[in-house]
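Peer 1: A structural model of the following input is requested.
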Amino acid sequence: MIAFTETEEFKKLEGEFPLLRRAREHFSGLKSLSCVIVDTETTGLEPQTNEIIEIAGLKIVNGQIDEPFNTLIKIGSPLPPEIVRLTGITDEMLKEGEQKNFVFQRFLDFVGDLPLIAHNVEFDLPFIQRHLELTLGKKLNNPTICTLKLARNLLPGLPSHKLAKAAQHFNIPTPNTHRALGDVEITYQLWLKLAEHLEKDGIHSLEDLLKSGKLN
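Peer 2: This next block holds a predicted model:
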């Protein structure tokens, strides 16, 4: 079986997201955690009333990139102008998106029972849970890791812990912010840096991390 990093699909992604070249590195310890890095783009801030318009994930298996998930989602109303400005996503682009129920079933199959990592889990997860329940009557029970909480805990001196600011602290380029797969890529790179900090504190596994209080 050909490794995903050797496929034409990965090579295309690698050209658009250069930091994915690190997928060929080999990691151990906490950085080798199998997980899915997740991000969403939405029409607003409220899961009860706003829609997900894009969802992306990057599956990591034993520290190696396994496969990506990225799709636009059709919605039944025009996008707010500020969302178009922020994300670059347009109503025309969403016409080429997928139906919500199909997207979320594929997403469930994609993540399985792997831990989910996001920058601000408390934003993304309620949106995902709400729309999973609406479309499929299902919910996720996966463990979660929030890189925003970790950054606040491990880097208390930063003036801002937003994704771009935390990434810049580690000299991680941020050219693709406010698109889901671009933010997933940045979050993955940030996670690797934060994992190095955690391992210096003696945290070498998911179990160690969940017990550490670093996610509070």
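Peer 1: Quick check: end-to-end length of stretch 49-67?
Peer 2: 31 Å (Cα to Cα, to the nearest Å).
Peer 1: Show the average pLDDT along that stretch.
Peer 2: Mean pLDDT, stretch 49-67: 94.
Peer 1: Show me what counts as buried in that stretch.
Peer 2: Within stretch 49-67, the residues scored as buried using 16 or more other Cβ atoms under 10 Å are 50-60, 63-66. Where you see a C-beta, it was placed from the backbone N, CA and C, and this is true even at glycine.
Peer 1: and what of stretch 81-91?
Peer 2: 83, 87, 89.
Peer 1: quick one on the thing from earlier: out of the buried residues of stretch 49-67, which one sits closest to I203?
Peer 2: Nearest to I203 among the buried residues of stretch 49-67 is G63, at 15.8 Å by Cβ to Cβ.
Peer 1: That closest one: what's it in contact with?
Peer 2: Residues counted as contacts of G63 (Cβ atoms under 8 Å, 6 or more residues apart in numbering) are 26-28, 31-34.
Peer 1: And for C146?
Peer 2: Contacts of C146 by Cβ under 8 Å, 6+ apart are 117-122, 215.
Peer 1: In ChimeraX, select just the buried ones from the residues you listed.
Peer 2: Applying 16+ other Cβ under 10 Å to these, the buried members can be selected in ChimeraX as follows:
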select :117,118,119,120,121,215
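Peer 1: low-scoring stretches of this structure, by residue?
Peer 2: By pLDDT under 70, the low-scoring segments of the chain are 1-26, 176.
Peer 1: Which residue ranges of it form helices?
Peer 2: Applying DSSP state H to the chain gives helices spanning 8-16, 81-87, 91-95, 100-111, 121-136, 147-154, 163-169, 180-200, 206-212.
Peer 1: any idea how far K193 lies from F102?
Peer 2: Distance from K193 to F102, counting by Cβ to Cβ, to the nearest Å: 35 Å.
Peer 1: Look at the two and report which has more neighbours.
Peer 2: K193 (20 against 13; other Cβ atoms under 10 Å).
Peer 1: and the closest residue to the more buried one other than its chain neighbours, how many residues sit next to it?
Peer 2: Excluding its sequence neighbours, the residue lying closest to K193 (Cβ to Cβ, 6 or more residues apart in numbering) is F170, at 4.5 Å. Residues lying near F170 (other Cβ under 10 Å) number 14.
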